[in-house]
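Peer 1: The following comprises the amino acid sequence and a computationally predicted model.
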Amino acid sequence: MKNRYKSSRSTIAIVLIAAIIAGFAYDLYKIQIRDNEYYMSQNNTEDTYIIPIEAARGEIVDRNGNSLVTNKQGNSIILNALYFPSQKNGDNFNAQRNKIIYNLIKLFESNNEEFAQNLPLEFDSGGNVVFTDDETDIATMKSADMLNLQPYATAQNCYDAVIEKYEIEGYDKEMSLKIGNIRYELTRLLFSYENPVTIADEVSNETVAKIKEDQVTYLGADVKTVAYREYVDSTVAPHILGTVRKINAEEYEEKKESGYNITDQIGESGIERAMESELRGTPGELTVTVDRNGNVTEEVTKKPIQGNTIVLSIDRDLQILAQNKLKEVCDSVDSASSAGAVVVEDCNSGDILAAASYPTYDLNDYYDKYNELSKNPRNPLWSRFAMGTYAPGSTFKPVTACAALESGSITPSTTYTCEGVKEFFGQEFKCLHGNAHGTENVRTALKDSCNMFFYNAALDTGINKVDEYAAAFGLGQKTGVEIAESSGNLSSPENRENAGGTWRIGDTMLTAIGMSDNLFTPLQLANYCSTIANGGTRYEMHFVKSVITASTGVVNEKSKNIAETVDVSENTIDQVHQGMRLVATNGGPSTIFDQMDTQVACKTGTSEVIVNGIKRNNGFLITYAPYNNPEIAVSSVVELAGSGSETAEMTSAIIDYWYQNNTDAKNNQKSGILLY
């Protein structure tokens, strides 16, 4: 009995202690979280808050210092918790907030201003509330931090929860949803004294004046001067430059320890994303002090520092020429269906001098017309030079030639006889267009693009050696550029088997002429052509040439990196060079290239595609110049072009421009103003 009594006392003591702890925990929760705003308002001591000042992003310029992306000053409308109604204003503070927001919405609409509408809810034509398409936003809205609803909650459930949570009463349903959008934005972006929230961007001077003149009707609203991205020409290099957007919740959680704010912008794609750490400036600080009488003083205690300037390797005018010429050739092939890409590379550094994709888009349209652009069947947002993968056709034959010569399976004097058609292992294989080229050596086979020669050379060399050299030249792997790119695929027994297929001897033959499973990007083809041109040094390709530090003006040049030195002899390279030179002087593109002042070497290619049940060809061309002292390489693909020769005029225009206009680079210039 004694032990049982002691046990009961212990149990009672534990329960009492647990109850006390629970009571303290509840009070702490109530004070620190649930009613934090109320208790803060009751504090009679002086309070100090640090509000971050967003720094302007760094500029982006071309290799000659020509501005591509700069900043412009504009006005945003923010809500400031220091002045906005809160719990200290009484139980009806929600009604007060809603009234102010209603006044702001009416002002925005009268001046055609866009304002925050990130609730994934809308009304359909029948007046029913429905979800928008973004499932991520819908899940965020239902989450415990927002509306705290079950995953299966309907759009109407969510709408009702918004109305209840923010006590939105006395407005029609359309206006209620608009008010709910801004209230939701305040919650989503952690609205607080330290964190004012932007509710409208790039507003007119008329709107600014109205808000500044009437601080009663628009209590808590303020004007913030902001640096917005501005493009000198928003059609130039959109797939390279990329876009920026507001940081999302997941990114904020990852980056908040690095000083990011929930309202910050972040690079979304292209160079804007790749060079985010350099482009993002150093935020400043605004120190706000509220004394016991409610008087507010503000002081900039740390000025923001603009982000660093990124100097790209591209030449702006060459980029514009490449884009225009690519459009011309694609439209001349098939204005409704053709597409393509062109890349220009410095053979001796890996600098990308131009890279164009068509169809393309205007960066200023990206957000306003995103749905239209993303649903366009011609995929203008798709970077064909970096993400598009193609069977390269006969542009692959120089690889086969290098592998065969280096392995010793052929010599410069080795010949095979082409009769136009030949049976291999019970299957009929044809030469290009069924032509009978007669006796061919490696140089004339490159000139005539003789399939029969390379079928035989590949069989004598073996697929492993062909793949070894293709990989060394960088085919089927990423080039190293800063922006997103595809790795493509190198046709090989291993890759075929990994995909669940079976390798056959015919695949060795087809691989040798750029078919079978070969899929490469135009970036890879340019890099491969550069490596052939310079004698076997493959450089990592890059768009960033240097970075200019904003605070010091120091220019940090990007060093050129060698990805691989291909084990290929001078004699082998010479044979391939001679063959590619014969293509330029005696092959399909000769009528164009013969008119040039600069001597070039090239290789054409075609690959068959099926479009609406009809067989068509994509056209490819890889070219380097000058022939005797290679400096630049050009790769191009035009879908449905029929042959690579159709892109020769574009290539010649690019090379002519480069040697007529490429003077010593101007000093890189820092321009623009620091905004804070």
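Peer 2: That came in fine, so what should we check first?
Peer 1: worst-scoring helix or strand of the protein, pLDDT-wise?
Peer 2: helix 36-42 (a mean of 57; mean pLDDT, DSSP states H and E).
Peer 1: next SSE after that one?
Peer 2: Downstream of helix 36-42, the next assigned helix or strand under DSSP states H and E is strand 47-53.
Peer 1: what about that next one, distance to the chain center?
Peer 2: 34 Å (Cα atoms, centre = their mean, to the nearest Å).
Peer 1: Provide a list of residues in contact with the residue sitting nearest the centre point of the chain.
Peer 2: Closest residue to the average C-alpha location of the chain: residue 269 at 2.4 Å, with Cα atoms, centre = their mean. Counting by Cβ atoms under 8 Å, 6 or more residues apart in numbering, residue 269 touches 242, 243, 483, 484. (Each C-beta comes from the backbone N, C-alpha and C, glycine too.)
Peer 1: Isn't the second one up against residue 363?
Peer 2: Yes: Residue 243 sits in contact with residue 363 when judged by Cβ atoms under 8 Å, with a separation of 6.8 Å.
Peer 1: Comparing the two, which residue is more hemmed in?
Peer 2: Neighbours were counted for residue 243 and for residue 363 using other Cβ atoms under 10 Å; residue 363 has more, 22 against 17.
Peer 1: Where does residue 645 sit: helix, strand or coil?
Peer 2: Under DSSP: H, G, I helix; E, B strand; the rest coil, the three-state class of residue 645 is helix.
Peer 1: Give me the three-state assignment for the nearest residue to it once chain neighbours are set aside.
Peer 2: The spatially closest residue to residue 645, leaving aside those adjacent along the chain, is residue 588, at 3.5 Å (Cβ to Cβ, 6 or more residues apart in numbering). Assigned by three-state DSSP, the conformation of residue 588 is coil.
Peer 1: go on, residue 560?
Peer 2: coil.
Peer 1: In space, what's closest to it - neighbours in sequence excluded?
Peer 2: residue 349 (4.6 Å).
Peer 1: so the one you found is in which element?
Peer 2: Per DSSP H and E, there is no helix or strand for residue 349.
Peer 1: Which residue ranges of the stretch 401-550 of the chain form helices?
Peer 2: Here the stretch 401-550 of the chain has its helices, by DSSP state H, counting those that start in this stretch, at 442-448, 451-461, 463-472, 493-498, 505-512, 522-534.
Peer 1: quick one, strands of the stretch 351-500 of the chain?
Peer 2: Under the criterion DSSP state E, counting those that start in this stretch, the stretch 351-500 of the chain carries strands at the ranges 352-358, 416-418, 421-424, 427-430, 438-440.
Peer 1: among the ones you listed, which is the most enclosed?
Peer 2: strand 352-358 (a mean of 28; mean count of other Cβ atoms under 10 Å).
Peer 1: in its sheet, what does that one sit against?
Peer 2: Strand 352-358 pairs in its sheet with strand 340-346 (antiparallel), by DSSP bridges.
Peer 1: Report the buried residues of the strand it pairs with.
Peer 2: Neighbour counts over strand 340-346 (16 or more other Cβ atoms under 10 Å) mark 340, 341, 342, 343, 344, 345, 346 as buried.
Peer 1: For these, work out which two are farthest apart.
Peer 2: 340 and 346 (21.7 Å; Cβ to Cβ).
Peer 1: what number of residues lie near the closest residue to residue 410 other than its chain neighbours?
Peer 2: Take residue 410 and drop its neighbours on the chain: the residue closest to it by Cβ to Cβ, 6+ apart is residue 404, 4.5 Å away. Close neighbours of residue 404, defined as other Cβ under 10 Å, add up to 27.
Peer 1: Reformat the helices of the stretch 401-550 of the chain into CSV and put distance to residue 49 and mean pLDDT next to each item.
Peer 2: Output for those, formatted as CSV (distance: least, Cβ to Cβ, whole Å; pLDDT from 0 to 100):
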stretch, distance to residue 49, mean pLDDT
helix 442-448, 72, 97
helix 451-461, 72, 97
helix 463-472, 58, 98
helix 493-498, 57, 96
helix 505-512, 66, 96
helix 522-534, 49, 98
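Peer 1: and of those, who's closest to residue 385?
Peer 2: It's helix 522-534; of the helices of the stretch 401-550 of the chain, that one is closest to residue 385 (Cβ to Cβ) at 4.5 Å.
Peer 1: Compute the inter-axis angle for that closest one and strand 352-358.
Peer 2: 140 degrees (axes from the mean of the first three to the mean of the last three Cα atoms, to 10 degrees).
Peer 1: show me where the stretch 101-250 of the chain has helices.
Peer 2: 135-142, 155-165, 173-188, 205-213, 238-241, 249-255.
Peer 1: The second one - contacts with which helices or strands?
Peer 2: The reference is to helix 155-165. In terms of contacts (3 or more Cβ pairs under 8 Å, 6 or more residues apart in numbering; DSSP states H and E), helix 155-165 is packed against strand 121-123, strand 129-131, helix 173-188.
Peer 1: between the strand or helix carrying residue 332 and strand 352-358, how many degrees?
Peer 2: In the assignment (DSSP H and E), residue 332 maps to helix 316-334. With the same axes, to 10 degrees applied, the angle from helix 316-334 to strand 352-358 works out at 30 degrees.
Peer 1: CA atoms only: put helix 316-334 into CSV for me.
Peer 2: Provided in CSV are the C-alpha atoms of helix 316-334 (Å, rounded to 0.1, in the frame of the first residue of the first chain):
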residue,chain,number,x,y,z
ARG,A,316,26.3,42.0,-80.2
ASP,A,317,26.4,42.9,-83.9
LEU,A,318,27.4,39.4,-85.0
GLN,A,319,24.7,38.0,-82.8
ILE,A,320,22.1,40.2,-84.5
LEU,A,321,23.4,39.2,-87.9
ALA,A,322,23.3,35.5,-87.0
GLN,A,323,19.7,35.8,-85.8
ASN,A,324,18.5,37.7,-88.9
LYS,A,325,20.3,35.3,-91.3
LEU,A,326,18.9,32.3,-89.5
LYS,A,327,15.4,33.6,-89.7
GLU,A,328,15.8,34.3,-93.4
VAL,A,329,17.0,30.8,-94.3
CYS,A,330,14.4,29.1,-92.0
ASP,A,331,11.6,31.2,-93.5
SER,A,332,12.8,30.5,-97.1
VAL,A,333,12.7,26.8,-96.4
ASP,A,334,9.3,26.7,-94.7
